[in-house]
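[1] below: sequence and its predicted model.
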Amino acid sequence: MSNKAIFGQHHAALLQARADAARMPLDDLNVADRDLYATDTVLPYFARLRRESPIHFCPDSEDGPYWSITRFEDIKDIESNWQSFS
């Protein structure tokens, strides 16, 4: 398969991921989904979280519940006050 064909497939997958991320209810968004990384399509999901829910709780994932902190300033604040967030 040529590089152009590979790029075209990946571009199509990213466009589909962007549409899927926009359409999915925010409560169902799980950026720990391994398939998103295997297909290199996780970035549209993180972009939506940064826009709409920069501190996001995912109650159900393969690895259990978790928080996503997606903005730099929030990460800095949490890291500098880790005692309150541990």
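    Cool, got the structure. Since the model is a prediction, treat every value here as computed from it, not as a measurement.
[2] wasn't residue 60 part of a helix?
    No: applying DSSP: H, G, I helix; E, B strand; the rest coil, one finds residue 60 to be coil, outside a helix.
[3] burial measure for it, as a count.
    10 (other C-beta atoms under 10 Å). C-beta: built from backbone N, CA, C; applies to glycine.
[4] could you pull out the strands for this protein?
    Applying DSSP state E to the chain gives strands spanning 55-58, 66-69.
[5] of all those strands, which one is nearest residue 79?
    strand 66-69 (9.3 Å; C-beta to C-beta).
[6] residue 36: what's it in contact with?
    Contact analysis of residue 36 by C-beta atoms under 8 Å, 6 or more residues apart in numbering lists 17, 42, 45.
[7] what stretches of the protein score poorly on pLDDT?
    For the chain, no stretch has pLDDT under 70.
[8] sorry, back to before: quick one: which of the contacts of residue 36 sit in helices?
    Judged by DSSP state H, helices contain the following of the contacts of residue 36: 17, 45.
[9] among the contacts of residue 36, which one has the most neighbours?
    Highest neighbour count within the contacts of residue 36: residue 45, with 22 neighbours (other C-beta under 10 Å).
[10] so how far is residue 56 from the residue lying closest to residue 41 once chain neighbours are set aside?
    Leaving aside its sequence neighbours, residue 41 sits nearest to residue 17 (C-beta to C-beta, 6 or more residues apart in numbering; 3.6 Å). Distance of residue 17 to residue 56, given as C-beta to C-beta, to the nearest Å: 17 Å.
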